[in-house]
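Q: The following comprises the amino acid sequence and a computationally predicted model.
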Number of protein chains: 2
Amino acid sequence: MLFYRGLSKISGNFRGSGGIFNVRSFVFTKGLPALHCSRYQIHQKSRSISEDKFDPFSMVADELSFVANNLRAMVVAEVPKLFLSAEYFFRVGVEGKRFRPTVLLLMSTALKLSTPKPPHHFDQGGSVATDLRTRQQCIAQIIEMIHVASLLHDDILDDADTRRGIGSLNIVMGNKLAVLTGNFLLSRAVVALASLQNTEVVSLVARAIDDLVTGEIMQMSTTADQRYSMEYYMQKTYYKTASLISNSCKAVAVLAGQTAEVAMLAFDYGKNLGLAFQLIDDVLDFTGTSASLGKGSLSDIRHGIVTAPILFAMEEFPQLRAVVDKGFDNPDNVDIALEYLGKSRGIQRTKDLAVIHANLAIAAIDSLPDSDDEEVKNSRRALVNLTQRVIVSH
Amino acid sequence: MLFYRGLSKISGNFRGSGGIFNVRSFVFTKGLPALHCSRYQIHQKSRSISEDKFDPFSMVADELSFVANNLRAMVVAEVPKLFLSAEYFFRVGVEGKRFRPTVLLLMSTALKLSTPKPPHHFDQGGSVATDLRTRQQCIAQIIEMIHVASLLHDDILDDADTRRGIGSLNIVMGNKLAVLTGNFLLSRAVVALASLQNTEVVSLVARAIDDLVTGEIMQMSTTADQRYSMEYYMQKTYYKTASLISNSCKAVAVLAGQTAEVAMLAFDYGKNLGLAFQLIDDVLDFTGTSASLGKGSLSDIRHGIVTAPILFAMEEFPQLRAVVDKGFDNPDNVDIALEYLGKSRGIQRTKDLAVIHANLAIAAIDSLPDSDDEEVKNSRRALVNLTQRVIVSH
């Protein structure tokens, strides 16, 4: 059941626009495909994020607009207040980076390969069979709906008052409507999922929904031992962030009729991208976009959520545990914890761990079957580029 | 989209232990299978609820215990607080009547017929194929989980403080844990649903989940015209109560490999049983188990929810609309509304409408293909008995 089972020593390096990150830490990697990591070190050419012609977001910009329009159409509700709530985070300007749809559309193109079996199509009751790309776009829409549904409920649980630079829905419309809107988005997603009529895809997305909830539960309610366990933290991070990306990447491969091996590489890409994303997010909670401690929102620590930087710092300064034990209702305690964090290598080791997962994500893309199709190759480059952005500028 | 589209005149009668209910009202029936209704009037023998050897709950008591144990096992969570919350309404003594699992287990037996195609089984990866009955029990578990998940969220939306004679979960554990527990039950249900690997069953249950949310939305936020529309009320009642029963009854038929005709009869039974159930529930909110007004909890009217008795009363006394318009924050207004209701035939016409739907439910059972199997016949009798209980003693 545990995703991370132990420690093993890994070293590697990663060239991003910010230079080479050195990875010398003890990190949690048992069970991870170390082969991909080392393979990447051999094969990786000097890629640079400056390859902006493979800008992932602009490569799929038109299709993203199409997906965004579909999303707004899917949440049309007869009740005006609900429609306003449901499309609250799908409106132009506050739709976020649309990170997940971008990944899924690029992955769909990256997997345009001849397949051993035809893509899974249904043509029941005389309707015209929907083409593969439309079905993959549908996955992108479903995943974004599930993601936003989870944000709405998370914001209730965290008493968040802002999201994407505007008031959170629970603040603007109240907790009740936020509960209902989350349920509405989720139920619309489940109906759309059922319409794809693919039992494996249903299972993958069902698993992701369950993992999202499990991750939230793990974060909300922990024993002291769990709270200070890196293993528990990584497991929670997989459930809460990475599972939705990994399972949906696999779903677009399954829809395309890809082999189990290719589907697993798609899954690995999504998993490691998601882990890297969240690790960097946890760093940014302390630093913001600068490198200085205390420039971030400090939202996690103020809510008593212990993330990787603090966990690593605690390894160096066990006395930090007593500080965390006291809780962070008292702002002085936050300052003391930040002081320990500043003296420690916590931030750097978290970045290093993110780099390892970024490497693994890129290695998964590199391990896909070769293709001569320029469109396929460009989409793979864009997925690599996206992974680098997560590390460098996320 | 609208379930009830208009009015047509129907008359019929129903023999329950309480005597014959006369049905002479104008009721909403367009789109309903009137054929079944008239067919029932011809074929219906003098049944009595005294047929207690077909007591629906005791007939499936052992299997209900098994389902209840499975339910508790399915919501085991590593986090103790969540486990306590998740099994809160699955504990012995507060598990409710288990109305839905009872219907589904009886329906499973009632549909033990030779089928044109074998039941839908999967045997992937070398695992032993699960037998049909286990899969149908799984539907019963899934539906009960979805039902309880919806209760938890409804209680938050309604600020309810009790449920099944104990404190509601939102009161006992707080709104946040109630949100999370609802999500947890729903996600577990979706995972179990996916494991059945039947795309049609997934679609049916997905539809039911979506309808539940739509029903709640329709109740929460209405325009004045919608609030006073019988058509809107019946549509909401279908979504909020009947859809889960109708779609799950159809799902057990689909799992059994039954014909579309049989599956539709199962659906019709569930739909009409659900509508009858809710109509009587709305009467009981005013009368409790006595026949006197004001003996119920008056919970709906106090929350400003306008149900069938008031809607019928309003047809006789249009001036009641002005009373309802004022809202019921003032208890005097509740009393005035009750006075109008008492002078009107609102309660009786609601009961009459419930009887019509009960008739339709029984007619659907009577229309099932004949069987010589005593077990099948007894289960059908128990489904009829259950329908009668809804009218007489629910």
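A: That came through fine. Predicted model only: the values in this text are computed from it and were never measured.
Q: What score does A:T102 have for pLDDT?
A: Note on A:T102: pLDDT of 96.
Q: Which residue, neighbours along the chain excluded, lies closest to A:I171?
A: Counting by CB to CB, 6 or more residues apart in numbering or on different chains, A:D161 is the residue found nearest to A:I171 once chain neighbours are left out, at 4.9 Å. Where C-beta positions appear, they are placed from N, C-alpha and C, glycine not excepted.
Q: State the distance from that neighbour to chain B.
A: Per CB to the nearest CB, to the nearest Å, A:D161 is found 15 Å from chain B.
Q: With A:R321 instead?
A: Separation of A:R321 from chain B (CB to the nearest CB) stands at 21 Å.
Q: what's near enough to touch the residue nearest to A:I171?
A: A:G167, A:S168, A:I171 (CB atoms under 8 Å, 6 or more residues apart in numbering or on different chains).
Q: so which of those is the most crowded?
A: In terms of neighbours by other CB atoms under 10 Å in any protein chain shown, those top out with A:S168 at 22 neighbours.
Q: residues contacting the residue nearest to that one when sequence neighbours are not counted?
A: Closest residue in space to A:S168, ignoring its immediate chain neighbours: A:D155 at 4.3 Å, by CB to CB, 6+ apart. A:D155 sits next to A:R163, A:S168, A:L169, A:N170, A:A178 when contact means CB under 8 Å, 6+ apart.
Q: Could I get the residues you listed in JSON lines, plus columns for distance to B:A77, secondary structure and pLDDT?
A: As requested, the contacts of A:D155 are exported to JSON lines (distance: CB to CB, whole Å; DSSP: H, G, I helix; E, B strand; the rest coil; pLDDT from 0 to 100):
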{"residue": "A:R163", "distance to B:A77": "27", "secondary structure": "strand", "pLDDT": "86"}
{"residue": "A:S168", "distance to B:A77": "27", "secondary structure": "coil", "pLDDT": "86"}
{"residue": "A:L169", "distance to B:A77": "27", "secondary structure": "helix", "pLDDT": "88"}
{"residue": "A:N170", "distance to B:A77": "24", "secondary structure": "helix", "pLDDT": "86"}
{"residue": "A:A178", "distance to B:A77": "23", "secondary structure": "helix", "pLDDT": "88"}
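Q: Now restrict these to buried residues only.
A: Listed as buried from the contacts of A:D155 are A:R163, A:S168, A:L169, A:N170, A:A178; burial here means 16 or more other CB atoms under 10 Å in any protein chain shown.
Q: my guess is the third one meets A:A160, correct?
A: No - because the distance of 9.5 Å does not satisfy CB atoms under 8 Å, A:L169 is recorded as not touching A:A160.
Q: What separation do you get for A:L275 and A:T350?
A: As judged by CB to CB, to the nearest Å, A:L275 and A:T350 stand 11 Å apart.
Q: More neighbours: those two, which one.
A: A direct count of neighbours by other CB under 10 Å for A:L275 and A:T350 places A:L275 higher, at 29 against 24.
Q: State the three-state secondary structure for the more buried one.
A: helix (DSSP: H, G, I helix; E, B strand; the rest coil).
Q: quick one: the helices in the stretch 151-300 of chain A?
A: For the stretch 151-300 of chain A, helices defined by DSSP state H, counting those that start in this stretch occupy the ranges A:169-173, A:175-195, A:199-220, A:224-227, A:230-237, A:243-255, A:260-287, A:299-302.
Q: Pull up the residues of the stretch 151-300 of chain A that are close to chain B.
A: A:153, A:156-157, A:175-177, A:179-180, A:183-184, A:186-188, A:190-191, A:193-195, A:197-199, A:202-203, A:206-207, A:209-210, A:212-214, A:216-218, A:220-222 (CB under 8 Å from any CB of the partner chain).
Q: how about 7 Å then?
A: A:153, A:156-157, A:175-176, A:179-180, A:183-184, A:187-188, A:190-191, A:193-194, A:197, A:199, A:202-203, A:206-207, A:209-210, A:213, A:216-217, A:220-221 (CB under 7 Å from any CB of the partner chain).
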